[in-house]
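# here's my sequence, what's the structure:
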Amino acid sequence: MNAPSDLLYTEDEEALRAAVRDLLADRCDAAAVLARTESPRPHDRELWKTLAEGMGLAGLLVPEERGGQGATHREAAVVLEELGRVVAPVPYLTSAVVATETLLGCAGGTAAELLAALASGRTIGVLAVSLATAPDAAPVRPGAAAPHDAPVHPRDEAPHGTPAPGEGGAPHGTPVRHQGGALHGTVTGVADAGAADVLLVPADGGLYAVEADRDGVTVTPRTSLDRTRPLATVTLRGAVARPLTEDAGEAAAAVRRGLRSGAGLLASEQLGLAEWCLAETVRYTKERHQFNRPVGSFQALKHRLARLWLDVVHTRAAARHAAAALATGGDEPDLAAALAQAYAGPVAVRAAEEALQLHGGIGMTWEHPVHLYLKRAKADAIAFGTAGRHRETLAALVDLPAPVAP
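Just a heads-up that it's a prediction; the model follows:
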């Protein structure tokens, strides 16, 4: 039996938080983020350079012997809490977590070279799958065995009439084909693809690296609800690719590893977002007066904010548990990540909705930043699978059958 997770922050983690928070206070205020969302280049490259290269945060999850900082998911979670608190428009989750963890799951020189480049912060990597892809829907070629610990989700069972290998049709979950060393296909809804230097592309049971500026690669920005984490469509027409692994089992396990870490640590970002919404709303309701008293003194609002505070506290426990489970590999990381996402997504949305409503008319204005938080919360609610999907995954992991419809 595994020892219980330590949910408390260490002194080093608090020091890291203070350093990141100070930087973001100077470089990523609400006005700057809002201006970015209105520009054709929503990513803040200068902020990313300072975070990734200056502070070395891009390599937290990479061992020192492989060019990184040798930290753990716990430290990365602290960084994501602070980034979520300011809805920072940087590709930390997609590059420093998802793409990095995917490369850590691949053996070979090409993966090691790319991993060192991502750890340095000078290269941004993105896993070319839809942001909505859940960890248990990792691309696997039809007929190839999934990793032994991968739960099979009911929605992912091949429907009647699915083409068998060699009978035509794109591989399950992989709309990209690999032919003659080049990739062909289109992937939609890829987060931060517009900022990527290299794309990690699952195709035909393998995993390949493609330089984003190569001939045959087109990244088309799409209108996104959350402009602080923009989506794009990636189109590959004969793009030259370097194989990271052509073993279907290894590729699927690597992609699952990246998506699982993304889902588990996304909860920390959602925690930071919810904490900002709660703190800012409490502050506003103390200052806003109606009938000669602060509106926060009305019992109805007290109850709503108290309930939200409890939700945020519970989210912190779930997010910290997920980070600790991913860091140690114990206490069932699949279970911890699914649990964190099943809980954190709805809480972040509720916190942002309450902040919008309790700010009254000013909360409805474009100039007030609360709409940025609501959009991020809504977009995060479907990232790496919805809360409902994660609840179904939890049920499968603990062998809890769904109720039978009458």
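# and the strands in this protein?
For the chain, strands defined by DSSP state E occupy the ranges 125-127, 176-179, 182-191, 198-203, 206-211, 217-221, 231-240, 242-245, 289-290, 293-294.
# how about the ones you listed in CSV, adding mean neighbour count?
Placement of C-beta: from N, CA and C, glycine included. As requested, the strands of the chain are arranged in CSV below (neighbours: other Cβ atoms under 10 Å):
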stretch, mean neighbour count
strand 125-127, 28
strand 176-179, 18
strand 182-191, 20
strand 198-203, 27
strand 206-211, 23
strand 217-221, 16
strand 231-240, 20
strand 242-245, 20
strand 289-290, 11
strand 293-294, 12
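# the worst-scoring helix or strand of the chain on mean pLDDT pairs with which strands, parallel or anti?
When the helices and strands of the chain are scored by mean pLDDT, DSSP states H and E, strand 289-290 comes last with a mean of 74. If you go by DSSP bridges, strand 289-290 pairs up with strand 293-294 (antiparallel).
# mean confidence for the partner strand?
For strand 293-294, mean pLDDT rounds to 82.
# begin at 93 from now on, thanks
Got it, the first residue is 93 from now on, which makes the last one we talked about strand 385-386.
# could you point out the longest helix of the chain?
Secondary structure of the chain per DSSP state H: the longest helix is helix 340-379.
# which parts of it are buried?
340-370, 372-374, 376-377 (16 or more other Cβ atoms under 10 Å).
# again with stretch 114-126
Across stretch 114-126, burial judged by 16+ other Cβ under 10 Å covers 115-116, 120, 125-126.
# those: which two are farthest apart?
Across the buried residues of stretch 114-126, no pair lies farther apart than Leu115 and Leu126, at 18.8 Å, counting by Cβ to Cβ.
# nearest residue to Asp296 in space, please, no chain neighbours.
His270 (4.4 Å; Cβ to Cβ, 6 or more residues apart in numbering).
# show me the beta-bridge partners of that neighbour.
For His270, the beta-bridge partners under DSSP bridges are Leu275.
# that one and Val293: what is the separation?
According to Cβ to Cβ, to the nearest Å, His270 stands 9 Å off from Val293.
# what do the two both touch?
Shared contacts of His270 and Val293, defined by Cβ atoms under 8 Å, 6 or more residues apart in numbering, are found at 300, 333.
# neighbours around the nearest residue to Arg329 once chain neighbours are set aside, how many?
Among residues not flanking Arg329 along the chain, Gly308 sits closest, at 4.8 Å (Cβ to Cβ, 6+ apart). A count of neighbours around Gly308, defined by other Cβ atoms under 10 Å, yields 15.
# ok, Ile216 next?
Neighbours of Ile216 under the rule other Cβ under 10 Å: 26.
# now do the contacts for it.
Residues near Ile216 by Cβ under 8 Å, 6+ apart: 140, 183, 187, 210, 284, 287-290.
# tell me the pLDDT of it.
pLDDT, Ile216: 97.
# which stretches of the stretch 143-292 of the chain form helices?
Taking DSSP state H, counting those that start in this stretch, the helices of the stretch 143-292 of the chain run over residues 165-177, 192-196, 201-212.
# what about stretch 344-353, distance to the chain center?
12 Å (Cα atoms, centre = their mean, to the nearest Å).
# pLDDT of it, averaged?
96.
# so Ala444 sits against Ala471, correct?
No - contact criterion Cβ atoms under 8 Å: Ala444 and Ala471 do not qualify, at 10.9 Å.
# more crowded one of these two?
Legend: neighbour count by other Cβ under 10 Å for Ala444 and Ala471, higher for Ala444 (26 against 20).
# ok, the more buried one to Gly421 distance?
In terms of Cβ to Cβ, Ala444 sits 33 Å off from Gly421.
# now do Pro134
Relative to Gly421, Pro134 is positioned 35 Å away (Cβ to Cβ).
# cool, Glu445 as well?
Glu445 sits 36 Å away from Gly421, going by Cβ to Cβ.
# neighbour-wise, which of these two wins?
A direct count of neighbours by other Cβ under 10 Å for Glu445 and Gly421 places Glu445 higher, at 17 against 10.
# distance check, the more buried one against Leu400.
Counting by Cβ to Cβ, the gap from Glu445 to Leu400 is 10 Å.
# ok, now Arg113?
22 Å.
# comparing these two, which residue is more hemmed in?
The neighbour count for Arg113 versus Leu400, taken as other Cβ under 10 Å, is higher for Leu400 (22 against 15).
# how about the more buried one, what does it touch?
Contact partners of Leu400, counting by Cβ under 8 Å, 6+ apart, are 366, 370, 373, 442-443, 446.
# need those in a markdown table (columns: distance to Thr325 and pLDDT).
Formatted as a markdown table, the contacts of Leu400 follow (distance: Cβ to Cβ, whole Å; pLDDT from 0 to 100):
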| residue | distance to Thr325 | pLDDT |
| --- | --- | --- |
| Ala366 | 30 | 98 |
| Leu370 | 36 | 97 |
| Thr373 | 36 | 93 |
| Arg442 | 31 | 97 |
| Ala443 | 31 | 97 |
| Glu446 | 34 | 95 |
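# tell me the two of those that are most distant?
Largest pairwise distance in those, by Cβ to Cβ, is 11.7 Å, between Thr373 and Arg442.
# local confidence estimate at the closest residue to Ala163 other than its chain neighbours?
Nearest residue to Ala163, sequence neighbours excluded (Cβ to Cβ, 6+ apart): Leu152, at 4.2 Å. Confidence at Leu152, expressed as pLDDT, is 97.
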